[in-house]
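*Asks:* Got a sequence here, can you build the structure:
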Amino acid sequence: MKTIRNITRRKFIHKVAVGAAGISVTTLLEPVKALAKATGAGTASRPNYMPMRALGQTGRKVCLFSLGGQGLLEIPGHTDEAVAIINRAIDLGVNYCDTAHYYGHGCSEQYYGEALQGRRKDVYLATKSGDRTYDGAMRELDESLKRLKTDHLDCWQMHNVRTQQDVDKIFADNGALKAFQKARDEKITRFIGITGHRDPFILKQAIEKFPFDTILMALNAAEKNLPRVAHEFPFSENLLPTAVEKKMGIIAMKVPALGKIFQPGGITTMDQAMGYVLTLPVSTLIIGIKTIPELEENIRVAKNFKPLPPEEMARLEALTRPYYADATFFKRQKGY
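*Replies:* Predicted structure coming up:
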C-alpha cells in the first residue's frame, strides 16, 4: 500500500470518504442494532442510532464515539458521577469502553467495575498494562480484572509504547508480549492491542514485528503541522497507513487534546475536532468525559457525522497552525 505522502491529499480523503477503514457508506451508517445481531447483546439499552465501523478484523463493530477512561473517570472520590457517565454512555449506544491499569491509580478501572455489573455483555472492554516484563504485566492483569470485576477482557493493550527501550523489553525473552499471548491463549483476553502517542516510528516497528489486533494512536487536526524532526513526525502520515494496510482496529485519541485544540481563531467546536478525525480511516475515537452534557454533545456529533471534503480538512489543519505545539503536547509528554 502506498503511504499517504505518496498519494495526493485529495485521493486519500476521497478514499476515506467513500470507504473509511474499508467500510462502505451503507455499513458506516448502519444502526447500533446490527451490533446486537453480531454479538448477541440485547437492544433494550441501545435505542439510538449511531454510525458504526468494523474494529479491524476482530469481528466486532464499534460506534464512532467511544468512552475513554480519563476525564472524571480518573479522579478518585467520584464514584457516583463516574458510574452515571458510564451508564449514560451505554444507554446512548456507546459499545467500546477504554481504561488502563494506570489511570487514577486504579480508580478508573474500579468505576467501570461498578458500572458494568449486569452490563458487561453490552460493551467491548479494553484496558492496558504499562509494565514491560512478563511478571509485571501478569500482575497488572490480575489487578485490573479484580478492579473491573470481570473474568475476561475484550482487548488487553500495551500502554504508551514510546521508545526503542520499550520495544526491546516487550519483545525480550521475559518481556510483556509473552504475558499478553498467554492471556489470549487462556482466553482471559480475546485480542491484543498496542497504544502510544509519542513516536509513530516506534509503534510502526512494533506492529511490523507482531500482528497486534488493534492500535490506539494520537490523531487530531494540529498533528499535520508537526515539524519532521525526531519523534515529531505526525501519526497520520507515518503510522496510520501501515495500520490500515494491516487491517488493524484503529482507535484515535487526543482528539480535543485536553481542550487545547480549541482556540479563538482556530478550531472552536467538537464538530470540527471530531469530524476531522472521523474522516480519517479510523474505527472509532475515544474521549475522556467530565460531565454527562459533555458526553451527550460528543454522541450528538458522532450521530450526525458526515465525512469532510479535502478542502475542509486542509482548512482545519491550517487553523491550528499557530498553536499546533500546544495541541500536540502529548508528543513531548513524559511518563504515561
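
*Asks:* Could you look up the SS state of the residue nearest the centre of the chain?
*Replies:* In the chain, the centroid-proximal residue (CA atoms, centre = their mean) is residue 251; its distance is 3.1 Å. Put simply, residue 251 is strand when judged by DSSP: H, G, I helix; E, B strand; the rest coil.

*Asks:* now it, nearest residue through space, not along the chain?
*Replies:* Distance criterion CB to CB, 6 or more residues apart in numbering; nearest residue to residue 251, sequence neighbours excluded, is residue 216 at 4.4 Å. To be clear about C-beta, it is placed using only N, CA and C from the backbone, and glycine gets the same treatment.

*Asks:* could you say which helix or strand contains that neighbour?
*Replies:* When elements are assigned from DSSP states H and E, residue 216 belongs to strand 214-218.

*Asks:* re the thing from before, list the beta-bridge partners for the residue nearest to the centre of the chain.
*Replies:* On DSSP bridges, the residues paired with residue 251 through beta bridges are residue 216, residue 284.

*Asks:* Test my guess that it contacts residue 282.
*Replies:* Yes: between residue 251 and residue 282 there is a contact under CB atoms under 8 Å: 6.9 Å.

*Asks:* sorry, back to before: which element follows the strand holding residue 216 toward the C-terminus?
*Replies:* Sequence-wise, the next helix or strand downstream of strand 214-218 (DSSP H and E) is helix 235-238.

*Asks:* Run through this structure and note the low-pLDDT ranges.
*Replies:* 1-48, 333-336 (pLDDT under 70).

*Asks:* for it, longest helix please?
*Replies:* helix 134-148 (DSSP state H).

*Asks:* about what we covered before: report the angle between the axes of the strand holding residue 216 and strand 249-253?
*Replies:* Taking axes from the mean of the first three to the mean of the last three CA atoms, to 10 degrees, strand 214-218 and strand 249-253 form an angle of 20 degrees between their directions.

*Asks:* What helices and strands are in contact with strand 214-218?
*Replies:* Applying 3 or more CB pairs under 8 Å, 6 or more residues apart in numbering; DSSP states H and E, one finds that strand 214-218 contacts strand 153-158, strand 189-196, helix 200-209, helix 240-245, strand 249-253.

*Asks:* could you measure the residue nearest to residue 251 against residue 91, distance?
*Replies:* 24 Å (CB to CB, to the nearest Å).

*Asks:* And for residue 85?
*Replies:* According to CB to CB, residue 85 and residue 91 sit 11 Å apart.

*Asks:* circling back to that earlier point, so for residue 216 and residue 91, which sits in the more crowded spot?
*Replies:* residue 216 (28 against 15; other CB atoms under 10 Å).

*Asks:* still on that earlier bit, got CSV for the helices and strands packed on strand 214-218, with distance to residue 176 too?
*Replies:* Listed next are these as CSV, based on distance: least, CB to CB, whole Å:
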stretch, distance to residue 176
strand 153-158, 6
strand 189-196, 10
helix 200-209, 11
helix 240-245, 20
strand 249-253, 19
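
*Asks:* What ranges does the stretch 1-150 of the chain have for its strands?
*Replies:* Using DSSP state E, counting those that start in this stretch, the strands of the stretch 1-150 of the chain run over 52-54, 61-63, 65-71, 96-98, 124-129.

*Asks:* Point out the most buried one among these.
*Replies:* Most buried of the strands of the stretch 1-150 of the chain, by mean neighbour count (mean count of other CB atoms under 10 Å): strand 96-98, with a mean of 28.

*Asks:* now for it, which elements pack on it?
*Replies:* Packing contacts for strand 96-98, counted by 3+ CB pairs under 8 Å, 6+ apart, involve strand 65-71, strand 124-129, strand 284-289.

*Asks:* let's see 6 Å
*Replies:* strand 65-71, strand 124-129 (3 or more CB pairs under 6 Å, 6 or more residues apart in numbering; DSSP states H and E).

*Asks:* what comes into contact with it?
*Replies:* Here strand 96-98 makes contact (CB atoms under 6 Å, 6 or more residues apart in numbering) with 62, 66, 67, 68, 69, 123, 124, 125, 126, 284, 286.

*Asks:* Pick the one among those closest to residue 273.
*Replies:* residue 286 (13.2 Å; CB to CB).

*Asks:* Buried ones in stretch 189-198, by neighbour count?
*Replies:* Judged by neighbour count (16 or more other CB atoms under 10 Å), stretch 189-198 contains these buried residues: 189, 190, 191, 192, 193, 194, 195, 196, 197, 198.

*Asks:* can I get those in JSON lines with distance to residue 320?
*Replies:* Listed next are the buried residues of stretch 189-198 as JSON lines, based on distance: CB to CB, whole Å:
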{"residue": "189", "distance to residue 320": "36"}
{"residue": "190", "distance to residue 320": "37"}
{"residue": "191", "distance to residue 320": "33"}
{"residue": "192", "distance to residue 320": "33"}
{"residue": "193", "distance to residue 320": "28"}
{"residue": "194", "distance to residue 320": "27"}
{"residue": "195", "distance to residue 320": "23"}
{"residue": "196", "distance to residue 320": "21"}
{"residue": "197", "distance to residue 320": "17"}
{"residue": "198", "distance to residue 320": "19"}
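
*Asks:* Check the residues you listed and tell me the two furthest apart.
*Replies:* 190 and 198 (27.1 Å).
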